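Enquirer: sequence? don't have it. structure:
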């Protein structure tokens, strides 16, 4: 959550999308409210329409960095955040 | 606030264009200039994001820009971004993306408000998406 606020929330070059694999929407909502998730979410019933069905992982949690044209650029939390920072870093 | 400028910006944004956001930017020491469109401002990070002529997004510290540019951002920056957003400029850009066009569909995204999820629309037009798959179980 802190990493999202520090590196993603105000970064116009990257957005984080949470794909909730809970079939029970209420359970997903209760969990999100408890944790205070600040990011946009795709619920399970919208998985196909969102296009993210094509990127389904074998297990969760799973992080992928996708380019806007749908290519997988990185996978795994550490690599994903590092690559996102590298690709969208500020000019100094 | 100049209502004529705001109205003009909103009108152009509705046409899916952003000439008001396009300008020649100058470095703080005046030695460099570049062309680009204003895309985002972050007061917290004190940065500005510009779409460069070649189509690449660049984020700079506002302090690296000339006084004239800093004054422009202070006076007009947020108005222009808001006008473009209201004119569905973001939607048009997302429609050109494989990922963005799906996320821009009505009812696909939601976001927590209080204890419940409500419908959400992307306000960014990012080049990259971190997709976080998870579940409560």
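Expert: The structure has been received and is ready for your questions. These numbers were taken from a predicted model, which means no experiment stands behind them.
Enquirer: switch to C-alpha atoms for all contacts and neighbour counts from now on
Expert: OK.
Enquirer: got the buried residues for stretch B:38-55?
Expert: By 16 or more other CA atoms under 10 Å in any protein chain shown, the buried positions in stretch B:38-55 come out as B:38, B:39, B:40, B:41, B:42, B:47, B:48, B:49, B:50, B:51, B:52.
Enquirer: correct me if wrong: the last one contacts residue B:36.
Expert: Yes. Here residue B:52 lies in contact with residue B:36, judged by CA atoms under 8 Å, at a distance of 4.4 Å.
Enquirer: show me where chain B has strands.
Expert: Ranges of strands in chain B, per DSSP state E, are B:22-26, B:33-42, B:47-52, B:57-61, B:109-113, B:116-119, B:128-134.
Enquirer: what do you get for chain A?
Expert: Listed in chain order, the strands found in chain A under DSSP E are A:14-20, A:41-42, A:62-67, A:72-75.
Enquirer: got the strands of chain B as a markdown table, with mean pLDDT and distance to residue B:91 columns?
Expert: As requested, the strands of chain B are exported to a markdown table (pLDDT from 0 to 100; distance: least, CA to CA, whole Å):
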| stretch | mean pLDDT | distance to residue B:91 |
| --- | --- | --- |
| strand B:22-26 | 91 | 19 |
| strand B:33-42 | 86 | 14 |
| strand B:47-52 | 85 | 16 |
| strand B:57-61 | 84 | 17 |
| strand B:109-113 | 92 | 14 |
| strand B:116-119 | 91 | 15 |
| strand B:128-134 | 97 | 16 |
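Enquirer: perfect, that will be all.
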